[in-house]
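*Asks:* Sequence first, predicted model second:
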Amino acid sequence: MTLTVQFETLLSMIAMGIFFGALLDTYQRFLKRQTRPRVISFFTDILFWCVFGLLIFYCLYQVNFGEVRLYLFLALLCGYSAYQALFKGFYMRLLEQIILTIVNIFLFLKKCFYFLIILPIKLIIKAVITIATIVGQSFLLLAKTTLSLLLWIGKIVFSPILLIWRFFPEKLQKKATNLKEKLAGFFLSIKNKVMNQANRWKK
């Protein structure tokens, strides 16, 4: 390698050391080892080191076609030490601020989604159910009133006929009485169904 390539490689490894410190703190910030099982931490640690190893190899390949020298590891260590001494406090404050901003944006979007989409849908559904209930109760009340009115009119209309009916033969009266009981039972069953349905709507 030429002197220029060596110098570029050295600077790249120092930068990768700084980047490693920031990446490691970010990883530990989101991992939360105290609340996670050790098995998960074990596999995530392996994945972290594999990803960072690939990043280092890719950086070396771009700078010096992947040649590994001993001083490169020292450069990585120097970069990591520089991060710990100079940049860690600033980066951790910046990271917390970024996390807080993202959380606030997410909560804001969540509230907007609720008030602009979920809440109007709930109100529309509630209004439709209320209108349907009122219409159903009104219809059942109208049917109940109409049926009662028809029964009252029927009593008035058939009262003179019942007086005249007493002069008819007894057999014919029995048949008519049976027919009357059947019709009365039929109308009574209809009335009971209407009233039961009306009580259900009221509930």
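*Replies:* It's in. Only a predicted model underlies this, so the values are computations on that prediction, with no experimental measurement involved.
*Asks:* now stretch 123-137, how far from the centre of its chain.
*Replies:* Its chain's C-alpha centre and that of stretch 123-137 lie 24 Å apart, by C-alpha atoms, centre = their mean, to the nearest Å.
*Asks:* Just the CA trace of it, in PDB.
*Replies:* Output in PDB follows, covering the C-alpha atoms of stretch 123-137 (Å, rounded to 0.1, in the frame of the first residue of the first chain):
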ATOM      1  CA  LEU A 123     -70.000   8.600  16.100                       C
ATOM      2  CA  ILE A 124     -71.500   7.700  12.800                       C
ATOM      3  CA  ILE A 125     -72.100   4.100  13.900                       C
ATOM      4  CA  LYS A 126     -73.700   5.400  17.100                       C
ATOM      5  CA  ALA A 127     -75.900   7.800  15.200                       C
ATOM      6  CA  VAL A 128     -77.000   5.100  12.800                       C
ATOM      7  CA  ILE A 129     -77.900   2.800  15.700                       C
ATOM      8  CA  THR A 130     -79.800   5.500  17.500                       C
ATOM      9  CA  ILE A 131     -81.800   6.500  14.400                       C
ATOM     10  CA  ALA A 132     -82.500   2.800  13.600                       C
ATOM     11  CA  THR A 133     -83.700   2.300  17.200                       C
ATOM     12  CA  ILE A 134     -86.000   5.400  17.100                       C
ATOM     13  CA  VAL A 135     -87.400   4.400  13.800                       C
ATOM     14  CA  GLY A 136     -88.000   0.800  15.000                       C
ATOM     15  CA  GLN A 137     -89.700   1.900  18.200                       C
END
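*Asks:* which ones are touching the residue nearest to Ile99 when sequence neighbours are not counted?
*Replies:* Distance criterion C-beta to C-beta, 6 or more residues apart in numbering; nearest residue to Ile99, sequence neighbours excluded, is Arg29 at 7.9 Å. All C-beta atoms are positioned from the backbone trio N, CA, C, and that covers glycine. Counting by C-beta atoms under 8 Å, 6 or more residues apart in numbering, Arg29 touches Met92, Leu95, Ile99.
*Asks:* Using the three-state scheme, assign the second one.
*Replies:* Here Leu95 takes the helix state, with states given by DSSP: H, G, I helix; E, B strand; the rest coil.
*Asks:* What pLDDT is listed against it?
*Replies:* For Leu95, the pLDDT comes out at 91.
*Asks:* go on, the first one?
*Replies:* Per-residue confidence for Met92 comes out at a pLDDT of 92.
*Asks:* before we move on, the earlier item: adding distance to Tyr58 and neighbour count, write the contacts of Arg29 out as a markdown table.
*Replies:* A markdown table is the format used below for the contacts of Arg29 (distance: C-beta to C-beta, whole Å; neighbours: other C-beta atoms under 10 Å):
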| residue | distance to Tyr58 | neighbour count |
| --- | --- | --- |
| Met92 | 26 | 14 |
| Leu95 | 24 | 15 |
| Ile99 | 27 | 13 |
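*Asks:* Compute the first-to-last residue distance for stretch 81-92.
*Replies:* With C-alpha to C-alpha, to the nearest Å as the measure, stretch 81-92 spans 16 Å from end to end.
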